[in-house]
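A.B. asks: heads up, no residue letters with this:
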């Protein structure tokens, strides 16, 4: 079975203006791969359409191409075609990626069941913190080992790593899944709504990187910002409570970072239980384009 | 076997600024279908990514969607997914279309052989004349029945009809094919170069619509402009001389407009023989983005 996914990225919107072309390319492919992974599909090939100014900066295209090759190598897929056009305005690109999976094995976002456990891969909020650093909304000084942590957060923003190592596990155990692109809270809300149920996340169980933890401790970044910031490109999935142990050991044997952060309930609506045990008031659950 | 193709269109580049959204949508799908048809593939589904201003004009999206449904109905394919983003700047969209064909039956542009005959579907230069009308580079007054002919040329520009009825015939007989998007002369040059040979087109045998013929007679448009103008979205193909008659009768029985316009030769380079029997001097063989 073949799965296709398409995402468009615009300079100045999805990546900052004057982003390094290699990062732009890397992120564009990662974003598409992320969607395939969440569906349980192995990335195989992609098509790229690219809109550039008539006279791109010298070296731009070479750098872009090198970022694309890095991403191809990391995610195991290759360029199968595309189109390049020129127009004034921001650089804009669209990738359609194709993935394969055994027939009938596609994972959807609409099939979570009450009592399912909720899992996420990786750590949450790194990219949002990276973006806040870029925008100088937070300063990095609460970070001990500042340079390395800053680098880590920026690289989480510019070079997301959708967990291709989780694909098999997802196929085997996930009842529903989606990638986290617009913020954990908003995407969890979408998954619950699509499945006709509700859910609870315990904020305390959401995995945070040392860098984000340090920012939180220094009051330079908020837990809410981590839970609602976009660009994680990790996978959010649900699974029956009976397979939670099997999931944990499968993840361990693959060196895959995975955490149970909550559960699905019958009643619609989602609750994020804060560190104090009370529901958090979330003012803006995530990033929405319109 | 599955074929994928991707094309990006930008308002103000591939269609005029302030194009009717329904036409923009129609053309975008047609352009992609055109590429599938030339490869001998039946269009099945497509993905669309669309970049719009944050506040599109009222009714824009509805009109766009209706143009898309018209095109879907005409070409027999359906929307399978996509992405919508918002950014300032011209409307920009990318379509990836998928088509199917029997295994091993894909038609390439690199497989023409010396002595092959060269065919085109439909008529050539209509869209270029339509664009010239839009840009007021030509006036329509040499056209008798001006209104209807003007409408015809504009519709050929805005609503190209790639010849889906030719797919079977192409699979059966074509040695090489490509769609004509950047001008007959340039695309023929590409096909010959890809096939490692050369070719001859007899300008007199290139099929022209009554509207373009009228413009030529009134000296309002040049034959060179018709042969080098873009946006035809007809198919250019080659076939062994022995099957030329079979092709003609297959086309007739399907009501398909098809003309033999020249032949492939061993020596690289192409010649367009003018109406006076001498090679035409072509200053600009077609449209190139860079």
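C.D. replies: Cool, got the structure. Note that this is a predicted model, so its numbers are computed, not measured. Numbers count the residues shown, from 1 in each chain, chains lettered A, B, ... in the order given.
A.B. asks: every contact and neighbour count from this point should use C-alpha atoms.
C.D. replies: OK.
A.B. asks: number of nearby residues for the closest residue to residue A:202 other than its chain neighbours?
C.D. replies: Taking Cα to Cα, 6 or more residues apart in numbering or on different chains, and ignoring the residues beside it in sequence, residue A:202 has residue A:273 as its nearest neighbour in space, at 4.8 Å. With neighbours defined by other Cα atoms under 10 Å in any protein chain shown, the count for residue A:273 comes to 18.
A.B. asks: who does residue A:273 form a beta bridge with?
C.D. replies: Taking DSSP bridges as the rule, residue A:273 bridges to residue A:202, residue A:279.
A.B. asks: contacts only, for it.
C.D. replies: A:200, A:201, A:202, A:203, A:279, A:280 (Cα atoms under 8 Å, 6 or more residues apart in numbering or on different chains).
A.B. asks: once you drop chain neighbours, what's closest to the last one?
C.D. replies: Excluding the flanking residues, the one nearest residue A:280 by Cα to Cα, 6+ apart is residue A:274, at 5.2 Å.
A.B. asks: just to revisit the earlier point, out of the contacts of residue A:273, who's the most crowded?
C.D. replies: residue A:201 (24 neighbours).
A.B. asks: distance of it relative to residue B:180?
C.D. replies: Here residue A:201 is placed at a distance of 55 Å from residue B:180 (Cα to Cα, to the nearest Å).
A.B. asks: the stretch 151-290 of chain A: helices as residue ranges?
C.D. replies: A:167-173, A:184-194, A:210-217, A:223-228, A:244-253 (DSSP state H, counting those that start in this stretch).
A.B. asks: between those, which gets nearest to chain B?
C.D. replies: helix A:184-194 (15.6 Å; Cα to the nearest Cα).
A.B. asks: which residues are contacting the closest one?
C.D. replies: When contacts are defined by Cα under 8 Å, 6+ apart, helix A:184-194 is touched by residues A:109-112, A:124, A:176-181, A:198-199, A:227-230, A:236, A:264, A:268-270, A:285-287.
A.B. asks: chain center to that helix, what's the gap?
C.D. replies: 14 Å (Cα atoms, centre = their mean, to the nearest Å).
A.B. asks: cool, stretch A:122-133 as well?
C.D. replies: The chain centre lies 10 Å from the centre of stretch A:122-133; the measure is Cα atoms, centre = their mean.
A.B. asks: name the helices or strands packed onto the top helix by length along chain A?
C.D. replies: Looking only at chain A and at elements set by DSSP state H, the helix with the highest residue count is helix A:21-38. When contacts are defined as 3 or more Cα pairs under 8 Å, 6 or more residues apart in numbering or on different chains; DSSP states H and E, helix A:21-38 packs onto strand A:2-10, strand A:42-52, helix A:60-75, strand A:92-100, helix A:146-158, helix A:167-173, strand A:176-180, strand A:234-239.
A.B. asks: quick one: closest of those to chain B.
C.D. replies: Closest to chain B of those, according to Cα to the nearest Cα: strand A:2-10, at 5.1 Å.
A.B. asks: wait, residue A:268 touches residue A:200, no?
C.D. replies: No - with contact defined as Cα atoms under 8 Å, residue A:268 and residue A:200 do not form a contacting pair (10.4 Å).
A.B. asks: around chain B, which positions in the stretch 1-150 of chain A sit nearby?
C.D. replies: A:4-10, A:13, A:47-51, A:54, A:81-87, A:89-90, A:94, A:96 (Cα under 8 Å from any Cα of the partner chain).
A.B. asks: pull out the buried residues from these.
C.D. replies: Listed as buried from the residues of the stretch 1-150 of chain A next to chain B are A:4-10, A:47-51, A:82-87, A:90, A:94, A:96; burial here means 16 or more other Cα atoms under 10 Å in any protein chain shown.
A.B. asks: endpoints of stretch A:163-175, how far apart?
C.D. replies: End-to-end span of stretch A:163-175 (Cα to Cα): 17 Å.
A.B. asks: could you give the average pLDDT over it?
C.D. replies: Averaging pLDDT along stretch A:163-175 yields 97.
A.B. asks: could you check that stretch and say which residues are buried?
C.D. replies: The neighbour-count check on stretch A:163-175 (16+ other Cα under 10 Å) flags A:163, A:164, A:165, A:166, A:167, A:168, A:169, A:170, A:171, A:173, A:174, A:175 as buried.
A.B. asks: got the contact list for residue A:124?
C.D. replies: A:184, A:206, A:207, A:208, A:209, A:226, A:227, A:232, A:234.
A.B. asks: wait, isn't residue A:7 in contact with residue A:32?
C.D. replies: Yes - under the contact definition of Cα under 8 Å, residue A:7 touches residue A:32, with a separation of 6.2 Å.
A.B. asks: which neighbours do those two share?
C.D. replies: Common neighbours of residue A:7 and residue A:32 (Cα under 8 Å, 6+ apart) are A:95, A:96.
A.B. asks: and the nearest residue to residue A:104 once chain neighbours are set aside, how many neighbours?
C.D. replies: The spatial neighbour of residue A:104 that comes closest, neighbours along the chain excluded (Cα to Cα, 6+ apart), is residue A:1 at 7.5 Å. Residue A:1 has 11 neighbours, counted by other Cα under 10 Å.
A.B. asks: so residue A:1 makes contact with residue A:98?
C.D. replies: No - the pair residue A:1 / residue A:98 is not scored as a contact, 10.3 Å apart, by Cα under 8 Å.
A.B. asks: check residue A:288 and give its pLDDT.
C.D. replies: 62.
A.B. asks: do residue A:144 as well
C.D. replies: 61.
A.B. asks: now stretch A:193-203: average pLDDT?
C.D. replies: Confidence over stretch A:193-203 (mean pLDDT, whole number) is 97.
A.B. asks: would you mind measuring the gap between the ends of it?
C.D. replies: In stretch A:193-203, first residue to last residue: 20 Å (Cα to Cα).
A.B. asks: again, but for stretch A:47-66
C.D. replies: Stretch A:47-66 has its terminal residues 16 Å apart, counting by Cα to Cα.
A.B. asks: show me the contact partners of that stretch.
C.D. replies: Outside stretch A:47-66, the residues that touch it by Cα under 8 Å, 6+ apart are A:20-25, A:79-97, B:5-8, B:94, B:96, B:290.
A.B. asks: with stretch A:202-221 instead?
C.D. replies: By Cα under 8 Å, 6+ apart, stretch A:202-221 touches A:120, A:122-126, A:129, A:138-140, A:142-144, A:149-150, A:152-153, A:222-223, A:226, A:259-262, A:272-275.
A.B. asks: give me that answer again for 6 Å
C.D. replies: Contact partners of stretch A:202-221, identified using Cα atoms under 6 Å, 6 or more residues apart in numbering or on different chains, comprise A:123-124, A:138, A:142-143, A:149, A:222, A:261-262, A:272-275.
A.B. asks: whichever of those residues end up buried, select them in ChimeraX.
C.D. replies: Remark: buried members of the contacts of stretch A:202-221, expressed as a ChimeraX selection using 16+ other Cα under 10 Å:
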select /A:123,124,138,142,143,149,222,261,262,272,273,274
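A.B. asks: measure the residue lying closest to residue A:39 once chain neighbours are set aside to residue A:220 for me?
C.D. replies: Among residues not flanking residue A:39 along the chain, residue A:107 sits closest, at 4.6 Å (Cα to Cα, 6+ apart). With the distance defined as Cα to Cα, residue A:107 ends up 37 Å from residue A:220.
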